[in-house]
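Participant: Provided below are the primary sequence and the corresponding predicted coordinates.
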Amino acid sequence: NGPIFVNGAEKGDCLAVHIHSIRPRGLQPVGTTCVIPEFGGLVGTGATALLNNPLPERVKKLEVTVEGGVKWSDKITLPYQPFIGTIGTSPQIEAISSLVPDYYGGNMDLPDVAPGSVIYLPVNSPGALLFLGDCHATQGDGELCGVALEHPTHTVVQVDLIKGWTLAWPRLETAEFFMTIGSGRPMEDAARIAYRELVRWMAADFGFDELDAYMLLTQCGRVRLGNMVDPKYTLGASILKSIVGEAKV
């Protein structure tokens, strides 16, 4: 969906998107996952060129309900753990594919972008031009085969504009932790971006010295893997709120 024009949003501002609810819609089975030739975490792709033959295409349709979860088989039912796979704002000048995550957000496939969380996105152009979609009913870390349990949804979000809070990369807040999100290749560069931004957030808003924050995260920082299949990989670096306390701003 989108792009959504946010009145008053200018470069250097931030959108705070509160995710209130995500519910499946449509006739069952509404969930879809699949194997796509030359796409996924354990296959050769256009960027990782191998001589072996691509895996064959396979599509699996699944019943998804809030109460009953994801019915994988007669023996396996997975919990319904929905989140928004793709959410972001317009970059400053470049044209982008919705498949590519970067500093503006995008197709991050991060399971923590879920009901009850707030994602903070940088505004890079007038109106921010918020876009979102790609809702998943459940997903393991990495979105291994390249397609999580995709499903159409009724999704309710609240968009607030924060003037003058300038972010380099997306940030996330839940009831338990603060997270910064980085995307790039190789995967360790995505982790470096995420941790660097978390160090800078702790220094700017929580009263930490940067080197002290760097050392503290070495002891208690946590990393969440979003996708490891798209043109850029996404990782979130986080710290528990109980450790850092409330923001000093």
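Facilitator: Yep, that arrived. Numbering: from 1, shown residues only.
Participant: Next, the residues that contact the least confident helix or strand in the chain by mean pLDDT from outside, please.
Facilitator: Here the helix or strand of the chain ranked lowest by mean pLDDT, DSSP states H and E is helix 241-244, holding a mean of 95. By C-beta atoms under 8 Å, 6 or more residues apart in numbering, the list of residues contacting helix 241-244 from outside reads Ala175, Glu176, Phe177, Phe178, Met202, Phe206, Phe208, Leu216, Cys220. (C-beta placed from N, C-alpha, C; glycine too.)
Participant: go on, stretch 88-107?
Facilitator: 3, 11, 15, 85-87, 108-109, 119, 121-125, 128-134, 168-170, 181, 183, 226-227, 230-232, 234.
Participant: sorry, back to before: how about the least confident helix or strand of the chain, which residues are buried there?
Facilitator: Within helix 241-244, the residues scored as buried using 16 or more other C-beta atoms under 10 Å are Val244.
Participant: and what of stretch 121-129?
Facilitator: Leu121, Pro122, Val123, Asn124, Ser125, Gly127, Ala128, Leu129.
Participant: Not counting sequence-adjacent ones, nearest residue to the fourth one?
Facilitator: Nearest non-adjacent residue to Asn124, counting by C-beta to C-beta, 6 or more residues apart in numbering: Gln92, 4.2 Å away.
Participant: All the helices of this structure, residue numbers only.
Facilitator: 187-205, 210-220, 241-244 (DSSP state H).
Participant: Serialize those helices to TSV and add fields for distance to Glu143.
Facilitator: Shown next, in TSV, are the helices of the chain (distance: least, C-beta to C-beta, whole Å):
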stretch	distance to Glu143
helix 187-205	13
helix 210-220	25
helix 241-244	27
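Participant: right, so these: which one is the most enclosed?
Facilitator: helix 187-205 (a mean of 19; mean count of other C-beta atoms under 10 Å).
Participant: Direction-wise, compare that helix with helix 210-220 and give the angle.
Facilitator: Inter-element angle recorded for helix 187-205 and helix 210-220: 120 degrees (by axes from the mean of the first three to the mean of the last three C-alpha atoms, to 10 degrees).
Participant: Residues in contact with helix 187-205: which ones?
Facilitator: For helix 187-205, the external contacting residues (C-beta under 8 Å, 6+ apart) are 168-169, 171, 178-184, 208-210, 213-214, 216-217, 221, 223, 228, 232-239, 244, 247-249.
Participant: so of the residues you listed, which ones are in strands?
Facilitator: The strands, defined by DSSP state E, take in 171, 178-184, 223, 233-239 from the contacts of helix 187-205.
Participant: Would you confirm that Pro29 contacts Leu62?
Facilitator: Yes. Contact criterion C-beta atoms under 8 Å: Pro29 and Leu62 qualify, at 5.3 Å.
Participant: which of the two has more neighbours?
Facilitator: Leu62 (20 against 14; other C-beta atoms under 10 Å).
Participant: so how far is Val229 from the residue nearest to the more buried one when sequence neighbours are not counted?
Facilitator: Nearest residue to Leu62, sequence neighbours excluded (C-beta to C-beta, 6+ apart): Gly31, at 3.8 Å. Distance of Gly31 to Val229, given as C-beta to C-beta, to the nearest Å: 18 Å.
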